[in-house]
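> Predicted model and sequence below, questions to follow.
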Amino acid sequence: MLCWGYSSYGQPGIGSNLQVIIPEPQVYSFIHDRNVKEVACGGNHSVFLLEDGEVYTCGLNTKGQLGHDCEGSKPGNLPSINLLVLADQGQLFSWGAGSDGQLGLTTIEDAVTVPRLIKKLNQQTILQVSCGNWHCLALAAGTVTSVINYQNLCFVKFPLCSCTTSENQTGSAVLGHAGLCWWSSCFICFGFVADRESPCHVKLLRSQKVVYISCGEEHTAVLTKSGGVFTFGAGSCGQLGHDSMNDEVNPRRVLELMGSEVSQIACGRHHTLAFVPSSGMIYAFGCGTRGQLGTGHTCNVKCPSPVKGHWAAHNGQLSGKPDACKYHIVKHIFSGGDQTFVLCSKYENSLPADDFRTINETRYTCLINDETIDVWRQKLLEKNSSNSVNNVVQILSSAACWNGSFLEKKIDEHFKTSPKIPGIDLNSTRVLFEKLMNSQHSILLEQILKSFESFLIPQLSSSPPDVEAMRIYLILPEFPPFQDSKYYISLTLPLAMAILRLDTNPSKVLDNWWSQVCPRYFLRLVDLYKGAVVYLLSGRKTLLIPVLFSSYITAALRLLEKLHKVNQKVKHVEYDKFYIPEISSLVDIQEDYLMWFLHQAGMSCLSFLQDAVTLCSYPFIFDAQAKTKMLQTDAELQMQVAINGANLQNVFMLLTLEPLLARSPFLVLHVRRSNLVGDALRELSIHSDIDLKKPLKVIFDGEEAVDAGGVTKEFFLLLLKELLNPIYGMFTYYPESNLLWFSDTCFVEHNWFHLIGIICGLAIYNFTVVDLHFPLALYKKLLNVKPCLEDLKELSPTEGRSLQQLLDYPGEDVEETFCLNFTICRESYGVTEQKNLIEDGDKVLVQKDNREEFVEAYVNYIFNVSIHEWYTAFSTGFLKVCGGKVLELFQPTELRAMIVGNSNYNWEELEESAVYKGDYTATHPTVRMFWETFHEFPLEKKKKFLLFLTGSDRIPIYGMSSLRIIIQSTPSGEQYLPVAHTCYNLLDLPKYSSKEILSARLVQAIDHYEGFSLA
């Protein structure tokens, strides 16, 4: 071992009091043939740990800090302490100055000269200790950091891999790896200019892959995995190595060392050392007035300078050198106060230099993996030591241990942990949990469940100290018992509450991480809390008292709401994956909607509403059937309130509507087929808005048919066919997408658009599917959702793709390549016009920096600006029928499905719900031939059959079974085609003698059907 620096109190241990300053390395000879393992330096004393476990100290002893009665330059032995035994047992002893309680002995003593056991940490397995002037830091198994100061022991939980202290501050490196710091001084040594009383993240080091840190009195040095060195803090002596004496608030790379990979760093009071293994050089910079730099001079150095001497990292660097015996093979560098020590190995049996970048994780933190769970399982089976069992419990209860156990090691992904990247390998989490579910681990599994329930989840903080402490929220849902209803109350729902308690910023971090997980993980999470909702609703009267039920169901629903908001941005799963179909049978939808309506109306002060949880506040969990029920309730509610003039307090008691409906049960329209549009306009204009909410009955002039639904359906089909006729120019047909959109220019009156809006609203309230080929953009606008480029791609694929190509173009020459300005060309009645998208748009060229603005203006013109007049009339008519709070519960796709149906085909369900008349039954030969033929059709042919039979190739929101098609026999011969009565979903099917004839006739009938639709 070699040493150099200040020796006024004998702290380097050279053995001579004559030389106060030792400016260059000298061999330390007191130990002769015994090997030093570790060295620690205080301000004026040093401690040496030998390989055999003996401890020697030297230096100033005024406070008993040497642990023996001697004082001076000769290192004294502590015969009563064997640190090898202590290290194995993990116990911690302290001695020296204790005036501020920094010894952790629960007493204040000016000097403690004999080492004493810190009893309060006796249950902890201590792995590492670091001391400052007025505080100490102990790193324990389970990653519990104990801060000892002013008689107090406080525990800070992180997945730590190392800790360090200096006179006034503390720092730690976290597995993953973030830098954390806290201190009681006014120095800027951790990248801040104000005092910090709790751990703070040094954000500028987040992406640097920090693996080791060292603190001086007023400065800090950090080592990265790639061998880079950053320094910050006080720089008045040049200890930052930036070729200046300036202080640095933020971490800054030492440029002089950038060409080399540094493997070791150490900080003294005002100086810094760095070891470069490739050259075997030790560099020093900072204060040198006491010889602590080892350069042979006693002046300050502000750039890294070589330490005097012959150094090597391994004996391979010395092969062939005639003077190899003069070299010292560096093992480890230590520094503290104004002293520096270098442990070296002999040439003959040398070991390679330590690399601080290689982290021995088993030493610093208790990882949870295959090996450790096997060891713990054995300990729990033997039950030979309460301490062993307690240690297992402590680790399993530590979020820090779990957070540090499943790091994503591939391409150092865990170093990139940030608010957007969790840096966790969820697959390894899943594999470990699957192993734990094996019966041989039943005792350990039981202990994990207890630890989670009693300690880990209740102790989760609402404000985690760093994003690395949040991995636990991704890990826990992977534990299979969370999916078991037996643990919903003890584990699953408390976890939801802990997540919902998170402060704003950590909550956003979790949202970002959920956005990054795979869809399968996300869906499991959604299903987990859907299951919890069903469990609670199923047992609400037997499981819990009302207050607990309310808090648990609210937690589950709010978490689903949080997941739903994430899904709206990233589209992990389809929106219907959030549906809980069981709700319709577990909850009175009508009652729940009415309570929600009263809440929205500001009537929550009513006694029966104060603690009520309304599911309608979470509309994403309702399927089509439930939302349709809400729509019916809303229509009846609005009729009742308006007609009766009842105040809102009485609404809940006036739920039975039969007497009311008896007075004015239907909206009856008298129309002529010859003047359908005019009559419809006239009839609808004389009815009030309330009348429009009543069930619709249509009477065609001169026809005696009773409207049981078929006549109304025919009315919708015929009226829309007439209104959508291209001769009126109200709508533009896009053949590429088979969709319609409002024309830029038309000459019909506004009330025609108003009428179409009313018709769409009536179709919803009368549960009639209409063949209305509008894009999703229309339904977005009705729900105040802004249309986007994707909507233009649906309406006009070519235009949409062209704009996408403009956005994706990688070159700088956008202007020359596309030759566009802020205008749009639109054709109207054979005349092409150029319209400005912005003021003076024809003079503004589309360039790389404004192309997003151009695309947005283009889309806005098509969906908003150009059609504002016509759409306003349409939406006014629609909202006259369907306006109200209930509309807020729908998604655009759900609203479209309410009007035009959806494409969730279930052909078996269509067959099962069919009704037969005449001679036909489900087992009749002709019927069986029909269904065999139908099921053999390709999808497009099946859709054509739906169009042929019902007037639309889409199905009602209630599903296929709600179509209830009717197949009846006819006396006509097999030379006749099947006949469809579209208004009644009725098929006249002749009795064909063979499957081939039936197939030919049915295909012929389907192919010759023109239908009501424009397309």
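Yep, it's here.

> where in the stretch 651-800 of the chain is pLDDT low?
651-665, 704-709 (pLDDT under 70).

> Which parts of it are strands?
667-671, 696-700, 731-734, 739-742 (DSSP state E, counting those that start in this stretch).

> Neighbours of residue 356, how many?
By the measure other CB atoms under 10 Å, the count of residues near residue 356 is 21. Where C-beta positions appear, they are placed from N, C-alpha and C, glycine not excepted.

> Double-check that it belongs to a strand.
No: using DSSP: H, G, I helix; E, B strand; the rest coil, the secondary structure at residue 356 is coil, not a strand.

> could you dump the strands of the stretch 651-800 of the chain to JSON lines with distance to residue 378?
Listed next are the strands of the stretch 651-800 of the chain as JSON lines, based on distance: least, CB to CB, whole Å:
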{"stretch": "strand 667-671", "distance to residue 378": "78"}
{"stretch": "strand 696-700", "distance to residue 378": "75"}
{"stretch": "strand 731-734", "distance to residue 378": "71"}
{"stretch": "strand 739-742", "distance to residue 378": "68"}
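
> Nearest to residue 8, out of the ones you listed?
Counting by CB to CB, residue 8 lies closest to strand 739-742 out of these; the figure is 89.6 Å.

> who does the closest one pair up with?
Take DSSP bridges as the rule and strand 739-742 pairs in its sheet with strand 731-734 (antiparallel).

> So for the strand it pairs with, what gets flagged as buried?
Using 16 or more other CB atoms under 10 Å as the test for burial, strand 731-734 gives 731-732, 734.

> and what of stretch 298-315?
Under 16+ other CB under 10 Å, the buried positions of stretch 298-315 are 300-302, 304-305, 307-309, 311-313, 315.

> follow-up on the earlier one: which stretch among the strands of the stretch 651-800 of the chain comes nearest residue 437?
Among these, the nearest to residue 437 by CB to CB is strand 739-742 (51.5 Å).

> And the next helix or strand past the least confident helix or strand in the chain by mean pLDDT?
Ranking every helix and strand in the chain by mean pLDDT, DSSP states H and E puts helix 83-89 at the bottom, with a mean of 39. Next helix or strand after helix 83-89 toward the C-terminus (DSSP states H and E): strand 93-98.

> can you pull the contacts of the closest residue to residue 477 other than its chain neighbours?
Counting by CB to CB, 6 or more residues apart in numbering, residue 525 is the residue found nearest to residue 477 once chain neighbours are left out, at 5.5 Å. Residue 525 sits next to 477, 514, 563 when contact means CB atoms under 8 Å, 6 or more residues apart in numbering.

> How about residue 891?
575, 620, 783.

> And for residue 959?
Residues near residue 959 by CB under 8 Å, 6+ apart: 624, 904, 906, 909.

> Let's see the pLDDT reported for it.
On pLDDT, residue 959 comes in at 75.

> for residue 608, same thing?
52.

> The one 4 residues further on now?
If you check residue 612, the pLDDT there is 74.

> Am I right that it is in contact with residue 598?
No: contact between residue 612 and residue 598 fails when scored by CB atoms under 8 Å: they sit 9.3 Å apart.

> neighbour-wise, which of the two wins?
Just comparing residue 612 and residue 598: by other CB under 10 Å the higher neighbour count belongs to residue 598, 21 against 16.

> Could you find the closest non-adjacent residue to residue 231?
Residue 231 sits nearest to residue 240 (CB to CB, 6+ apart), 4.2 Å away.
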